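A.B. asks: Dropping the sequence and predicted coords here.
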Amino acid sequence: MLKSKRLQPVVKIAQNREDDAAQVLNEYRKVIDQQEAKLIELRQYHTEYTQRLSDSGRNGLHIAQLNDYRSFIARLAVAVKQQEDQLAVCEVELKEKYDAWLLTRVHHQALDKVVDRYQQQEMQESNRREQAESDERSQQMGRNRHPK
């Protein structure tokens, strides 16, 4: 059996691993998108309630309402910070998943190159054999035309 044919199952496994890693990477990118959307939403709430406090302060608020606004805005600020931290963790994990995918891709491409090189060698060997057989037939035909 040819070397290039024997390696096909190994190449198929490498392709499957690369595909699996790519799928994990793409799924995790969706997680990052969700985390970023949540952060944007929290920041918008924080800005909105800060603006409401400012507007309400001009119109006069009871001290209890003022304290409620401030307390809520402080909790939103904590939530924003926690979400920023969570996003940072997710970005590190995304980098790890990208690196894992890249490693599987490089491995798969290396195997493809080996198979290509084997196929080229096999083709060259086949061409040499065909040429040698053709030369042998030509010599036999030449000998048959000129018997001694």
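C.D. replies: Nice, I can see it. Residues are numbered from 1 along each chain as shown.
A.B. asks: just checking, what packs against the helix or strand harbouring Val106?
C.D. replies: Using DSSP states H and E, the element containing Val106 is helix 63-145. On a contact count with 3 or more CB pairs under 8 Å, 6 or more residues apart in numbering; DSSP states H and E, helix 63-145 meets helix 3-6, helix 8-59. From N, CA and C alone the C-beta is placed, and that goes for glycine too.
A.B. asks: looking at the ones you listed, which one has the lowest mean pLDDT?
C.D. replies: In terms of mean pLDDT, the lowest-scoring of these is helix 3-6 (a mean of 88).
A.B. asks: Would you mark the buried spots in that helix?
C.D. replies: The neighbour-count check on helix 3-6 (16 or more other CB atoms under 10 Å) flags Ser4 as buried.
A.B. asks: contacts for that helix?
C.D. replies: Residues outside helix 3-6 that contact it (CB atoms under 8 Å, 6 or more residues apart in numbering): 115, 118-119, 122.
A.B. asks: how many neighbours does Asn144 have?
C.D. replies: When neighbours are counted by other CB atoms under 10 Å, Asn144 registers 8.
A.B. asks: Now distance to His108 too, for the helices and strands packed on helix 63-145, in JSON lines please.
C.D. replies: Shown next, in JSON lines, are these (distance: least, CB to CB, whole Å):
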{"stretch": "helix 3-6", "distance to His108": "15"}
{"stretch": "helix 8-59", "distance to His108": "4"}
